[in-house]
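Enquirer: no letters, just coordinates:
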């Protein structure tokens, strides 16, 4: 069975500082992993996805994530936060015909 | 392309009432799904469909029905609304199953009193 754990429910950073959102997964086979972003009162948008090609995945808006099989992690990073990055972020693993969502990390960005 | 559309945007029901949340996509996607989003719980899968005429249960199917008579439409029916069904509901679609990017609708905010 697949599962995903987001290690922080809230992360606060100052504008211009790095962002790290942590995600661990569990899967009995090589998974497809995703990060989605949800801005307030909006639907979800795909940031990036890993599907067993390169382990470092680049996404939209300067985000990237690294797949580490030995650590079963798929952490999301960005070198420099922008005010517009304030949102909720979901780590997602693909199961058999189902997506399993983490509980989300709310990112706050302070000026 | 309109993408994934959902109606209504907001709905208030009384306990015991029934209603249908509409979802449509114009991208010819095979896979469609319904999620509910509750604070602190992420998104939980209610029902999904891998093609017209095929549906299956997700993590939290009780109290909900679905059908998929066409590729484009995937309505979600609440049979007898309960306060526990107060939530935000999202419909999503993708080209083929879950390894592909999911396209989400804007959501329906449902309150059951």
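Expert: Ah, there it is. In this text, all values refer to a predicted model and were calculated from it rather than measured experimentally. Numbers count the residues shown, from 1 in each chain, chains lettered A, B, ... in the order given.

Enquirer: who touches the helix or strand of chain A with the lowest mean pLDDT?
Expert: The weakest-scoring helix or strand in chain A, judged by mean pLDDT, DSSP states H and E, is strand A:99-101 (a mean of 89). Taking contacts as Cβ atoms under 8 Å, 6 or more residues apart in numbering or on different chains, the residues outside strand A:99-101 that touch it are A:2-4, A:34, A:90-94, B:33, B:35, B:42-45, B:98, B:102. Where C-beta positions appear, they are placed from N, C-alpha and C, glycine not excepted.

Enquirer: 10 Å instead, please
Expert: For strand A:99-101, the surrounding residues in contact (Cβ atoms under 10 Å, 6 or more residues apart in numbering or on different chains) are A:1-4, A:6, A:25-27, A:31-32, A:34, A:36, A:44, A:90-94, B:31, B:33, B:35, B:37, B:41-45, B:48, B:58-59, B:92, B:94, B:97-99, B:102.

Enquirer: for stretch A:45-58, same thing?
Expert: A:30-39, A:59-61, A:63-69, A:74, A:76-78, A:87, A:89-90, A:92-94, B:99-104.

Enquirer: okay, buried residues for it please.
Expert: Neighbour-count burial for stretch A:45-58, counted by 16 or more other Cβ atoms under 10 Å in any protein chain shown, picks out A:45-50, A:57.

Enquirer: ok, now which ones touch residue B:2?
Expert: Counted by Cβ under 10 Å, 6+ apart, residue B:2 has contacts B:24-27.

Enquirer: need the phi and psi values for the residue nearest to the spatial centre of chain A.
Expert: By Cα atoms, centre = their mean, chain A has its centre lying nearest to residue A:35, at 3.8 Å. Taking degrees, to the nearest 10, you get phi -120, psi 130 for the backbone angles of residue A:35.

Enquirer: once you drop chain neighbours, what's closest to it?
Expert: residue A:47 (4.3 Å; Cβ to Cβ, 6 or more residues apart in numbering or on different chains).

Enquirer: checking the one you found next. Helix, strand or coil?
Expert: Reducing the assignment at residue A:47 to three states with DSSP: H, G, I helix; E, B strand; the rest coil gives strand.

Enquirer: one step back: got the buried residues for the very next helix or strand once past the least confident helix or strand of chain A?
Expert: Later in the chain than strand A:99-101, the nearest helix or strand by DSSP states H and E is strand A:105-110. Within strand A:105-110, the residues scored as buried using 16+ other Cβ under 10 Å are A:105, A:107, A:109.

Enquirer: and stretch A:11-21, by the same measure?
Expert: A:11, A:13, A:19, A:21.

Enquirer: biggest separation within those residues, which pair?
Expert: A:13 and A:21 (10.2 Å; Cβ to Cβ).

Enquirer: shared neighbours, these two?
Expert: Common neighbours of residue A:13 and residue A:21 (Cβ under 10 Å, 6+ apart) are A:78, A:107.
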